[in-house]
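Enquirer: Fold the following, please.
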Amino acid sequence: MNRKFIACILAGAVILSSVSFTASADENNHTVTFIDFNGSVIKTVTVPHGSELDLSIIDTDSLNSHLDIYTQIAFNSWGNLPESNIVTEDIAVYALFRKMVISCDSSPTKTEYFSNKGDIRLDGLSITITDYVQTPEKDKNGAFIVKEEVTNIESKCTTSPSSLDEAFADGKKSADINVYPISSDKAILTYNITYFDSLGDVNSNNFVEATDASSILYCYSHASVGDDTVFTEYQKQCGDINRDGIIDASDASQVLSYYSMISTNHDEFTWEDFFNQ
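Expert: Predicted structure coming up:
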């Protein structure tokens with residue numbers, strides 16, 4: 001065997017030895033990529049084969065944020081972790097979130113009051129906290145499953161002004177009401193309420209009495225034959241007790257019932273008391 005041929009064999013052995021060493025080094029280390037809620041890379045680390053993944057290297061508190069006034073997102077757990085956290089291949093590990101959203105789904109139905117004393121009624125108000133939790137479990141498409149839980153919190157809400165006395169102080173006939181979720185100083189809803197102090201008093205003598213009921217029946221009888229000019233618009237507003245847009249016998253009946261209540265009640269008895277009984 002000549003020297004030139006032997007030299008070529010030795011050179012090839014050196015090259016093969018070099019490639020084999022590099023491949024072995026790659027097999028002993030793996031790349032772990034940490035991904036945030038939005039799919040962006042947080043950090044990439046190299047982990048020796050068979051080693052336990054150290055999750056403490058990621059500052060999960062930095063992932064927490066307020067997306068808006070009433071939406072908060074925070075780190076919940078990790079997804080796609082290797083079994084027992086032992087790294088045996090290149091993997092991507094995903095930060096999973098817990099998101100809480102406070103929302104106002106409907107406003108109070110009562111916006112007109114006939115007394116300037118008492119409580120602000122929040123009937124019809126719906127305010128909820130929706131808790132979205134992204135879990136390590138995946139659906140059939142490979143996406144992490146998000147569980148959802150809704151809790152109604154309107155009973156825990158507060159208002160400012162806090163009462164009709166405050167809202168309609170100093171002779172005011174309207175007021176803006178701010179509704180605050182529990183432990184929040186940011187109003188989630190602002191709506192307007194009004195005070196009408198002449199309900200039932202169609203003859204404007206500052207009293208609700210039987211003659212007002214008679215006047216309502218008189219107006220109703222004329223309207224029944226097509227004459228709708230007996231009452232002024234203001235009198236119609238006073239005489240439409242149930243607020244259905246029509247002056248009729250049911251309004252007269254309610255005036256008589258209210259008159260009977262205030263005639264026998266020694267304490268102050270308001271239209272609000274009448275409607276709430």
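Enquirer: The nearest residue to Ser115 once chain neighbours are set aside and Thr229: what is the separation?
Expert: Spatial nearest neighbour of Ser115, excluding adjacent residues (CB to CB, 6 or more residues apart in numbering): Thr270 at 3.8 Å. (Glycine included, C-beta is placed from N, CA and C.) To Thr229, Thr270 is 31 Å away according to CB to CB, to the nearest Å.
Enquirer: Compare these two and say which is more crowded by neighbours.
Expert: Per other CB atoms under 10 Å, whichever of Thr270 and Thr229 has more neighbours is Thr270, with 20 against 9.
Enquirer: Please name the residues that touch the more buried one.
Expert: By CB atoms under 8 Å, 6 or more residues apart in numbering, the contact set of Thr270 is 114-115, 117-118.
Enquirer: let's see 7 Å
Expert: If you count contacts by CB atoms under 7 Å, 6 or more residues apart in numbering, Thr270 has them with 114-115, 117.
Enquirer: I'd like to know which of the residues you listed are buried.
Expert: With neighbours counted by 16 or more other CB atoms under 10 Å, the contacts of Thr270 contain buried members at 114-115.
Enquirer: Out of the contacts of Thr270, which is nearest to Asn276?
Expert: Asn276 has its nearest neighbour among these in Ser115, at 10.1 Å by CB to CB.
Enquirer: shouldn't the closest one be in contact with Trp271?
Expert: Yes: judged on CB atoms under 7 Å, Ser115 makes contact with Trp271 at a distance of 6.2 Å.
Enquirer: just checking, what packs against the helix or strand hosting Met261?
Expert: Met261 belongs to helix 249-264 when assigned by DSSP states H and E. In terms of contacts (3 or more CB pairs under 7 Å, 6 or more residues apart in numbering; DSSP states H and E), helix 249-264 is packed against helix 210-224, helix 271-276.
Enquirer: Now render these as CSV, adding mean neighbour count.
Expert: Below are the helices and strands packed on helix 249-264 laid out as CSV (neighbours: other CB atoms under 10 Å):
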stretch, mean neighbour count
helix 210-224, 18
helix 271-276, 17
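Enquirer: Ok, which of the ones you listed comes nearest Asp90?
Expert: helix 271-276 (68.1 Å).
Enquirer: Which stretches in the stretch 101-250 of the chain count as helices?
Expert: Along the stretch 101-250 of the chain, counting by DSSP state H, counting those that start in this stretch, helices occupy 164-167, 210-224, 233-239, 249-264.
Enquirer: show me where the stretch 1-150 of the chain has strands.
Expert: 29-35, 41-48, 65-68, 71-79, 91-106, 112-113, 126-138, 144-152 (DSSP state E, counting those that start in this stretch).
Enquirer: now the first one against strand 91-106, angle please.
Expert: Compare the direction of strand 29-35 with that of strand 91-106 by axes from the mean of the first three to the mean of the last three CA atoms, to 10 degrees and you get 10 degrees.
Enquirer: Name every sheet partner of strand 29-35 and say whether each one runs parallel or antiparallel.
Expert: Its sheet considered, strand 29-35 pairs with strand 41-48 (antiparallel), strand 91-106 (parallel) by DSSP bridges.
Enquirer: Likewise for the last one?
Expert: Applying DSSP bridges, strand 144-152 is found paired with strand 126-138 (antiparallel).
Enquirer: ok, and for the partner strand, which residues are buried?
Expert: 127-129, 132-134.
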